[in-house]
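Colleague: pasting a predicted model and its sequence here:
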Amino acid sequence: QETRSHRPRSDRPYEEDILRNPHNVKSWLRYIDMKSKSPPKVLYMLYERALKQLPGSYKLWYRYLRLRRIHARRMCPGSLLHEETNNAHERALVTMHKVQFICRFCFSLLSLSRGNRSLKALPITQHDRIWMFYLRFADKHGSSVNETCLRIYRRYVKFAPDDMERFIEFLMRNGNANEASMKLAEIINDDNFISRQGKSKFQLWQQLCSILVKNPLKISSLKPDPIIRQGIHRYTDQVSIYSHLRTSAIHQSNCKVATFP
């Protein structure tokens, strides 16, 4: 490991350059390129020095993180080098949260728990930038890592309850009609909820009825008939609800109700 007193003579011009220009990215990159054959620890220290002077440089962060990843691949998961690499990505995510390219790069490595730690470190006003990448991951991998993606969405709607319809769509895409119907019932009964998709309460009610009658074997938390009958009383001029009630009754083999006028 190099120290200030034991640096090679070849370093001196570069050291003098960064002393004169500590906030010049090119000066640091020239120095780093010159040291490219050095042991990893020497390069890490040099990158850390550069980032102290230029914490907002995406070029320095990207090159530093990429180098750490290359070295970490050669080590067993759980090693100190892996831990240090994860820590560096967390720091980059917190520091560079406004740069989508760096956020995407960091999220491709960090686990859910690491991402949670990064969220806690960010001001609440910046969380939407991180959630964008979380939700893309959940939408892409919902069927293969369903429980992890469910946890992502459940936490997201605590942050953005007005986007519950997106969660409901995710649940339906991944075969969870039971939870989807429960969430839909919640927003229908919430007088303060305003649909981001511009749906009226009746349209949301129709959606709930449709889910209930089309998925009778998947839904255990709600009973269709009372909900549909409540809709009949609330929306007296909407004939379509009678159709939902008949369909529900047929699924339950209740012929008497199925002939409801």
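Modeller: Done, it's in. If you're wondering where the values come from, they're calculated on a predicted model, not measured in any experiment.

Colleague: going forward, measure contacts and count neighbours with C-alpha atoms only.
Modeller: Will do.

Colleague: residue 81 touches residue 74, doesn't it?
Modeller: No - applying Cα atoms under 8 Å as the test, residue 81 and residue 74 come out as separate, 9.7 Å apart.

Colleague: which intervals of the stretch 151-261 of the chain have sub-threshold pLDDT?
Modeller: 235-261 (pLDDT under 70).

Colleague: rerun that using 80 as the cut-off
Modeller: 224-225, 227-261 (pLDDT under 80).

Colleague: ranges for the helices of it?
Modeller: In the stretch 151-261 of the chain, helices defined by DSSP state H, counting those that start in this stretch lie at 164-173, 177-188, 201-214, 224-234, 240-251, 255-258, listed in chain order.

Colleague: rewinding a little: please say which of residue 81 and residue 74 ends up with more neighbours.
Modeller: residue 81 (18 against 10; other Cα atoms under 10 Å).

Colleague: sorry, back to before: want to throw the helices of the stretch 151-261 of the chain into TSV with mean neighbour count?
Modeller: Conversion of those to TSV gives the following (neighbours: other Cα atoms under 10 Å):
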stretch	mean neighbour count
helix 164-173	18
helix 177-188	20
helix 201-214	19
helix 224-234	16
helix 240-251	19
helix 255-258	14
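
Colleague: pop the domain breakdown of the protein in here.
Modeller: For the chain, the structural domains run 9-122, 123-159, 166-260, going by the TED database.

Colleague: quick one: buried residues of the second one?
Modeller: Neighbour counts over domain 123-159 (16 or more other Cα atoms under 10 Å) mark 127, 130-131, 133-135, 137-139, 142, 149-150, 152-153, 156 as buried.

Colleague: next up, the contacts around residue 222.
Modeller: 178, 181, 182 (Cα atoms under 8 Å, 6 or more residues apart in numbering).

Colleague: which of those residues sits closest to residue 95?
Modeller: Distance to residue 95 across these (Cα to Cα) is lowest for residue 182, with 38.4 Å.

Colleague: what sits up against stretch 168-187?
Modeller: With contacts defined as Cα under 8 Å, 6+ apart, stretch 168-187 is touched by 139, 142-143, 146, 164-165, 167, 193, 204-205, 208, 211-212, 215, 218-222.

Colleague: how long is that stretch end to end?
Modeller: Start to finish, the residues bounding stretch 168-187 are 11 Å apart (Cα to Cα, to the nearest Å).

Colleague: where does the stretch 1-150 of the chain dip in pLDDT?
Modeller: Short version for the stretch 1-150 of the chain, where the test is pLDDT under 80: 1-7, 74-78, 93-94, 97-130, 132-133, 137, 141-146, 148.

Colleague: before we move on, what SS does residue 143 have?
Modeller: Classification of residue 143 using DSSP: H, G, I helix; E, B strand; the rest coil returns coil.

Colleague: circling back to that earlier point, need the helices of the stretch 151-261 of the chain in JSON lines with distance to residue 40, can you?
Modeller: Converted to JSON lines, the helices of the stretch 151-261 of the chain look like this (distance: least, Cα to Cα, whole Å):
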{"stretch": "helix 164-173", "distance to residue 40": "43"}
{"stretch": "helix 177-188", "distance to residue 40": "49"}
{"stretch": "helix 201-214", "distance to residue 40": "57"}
{"stretch": "helix 224-234", "distance to residue 40": "63"}
{"stretch": "helix 240-251", "distance to residue 40": "66"}
{"stretch": "helix 255-258", "distance to residue 40": "74"}
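
Colleague: of these, which approaches residue 38 most closely?
Modeller: helix 164-173 (48.6 Å).
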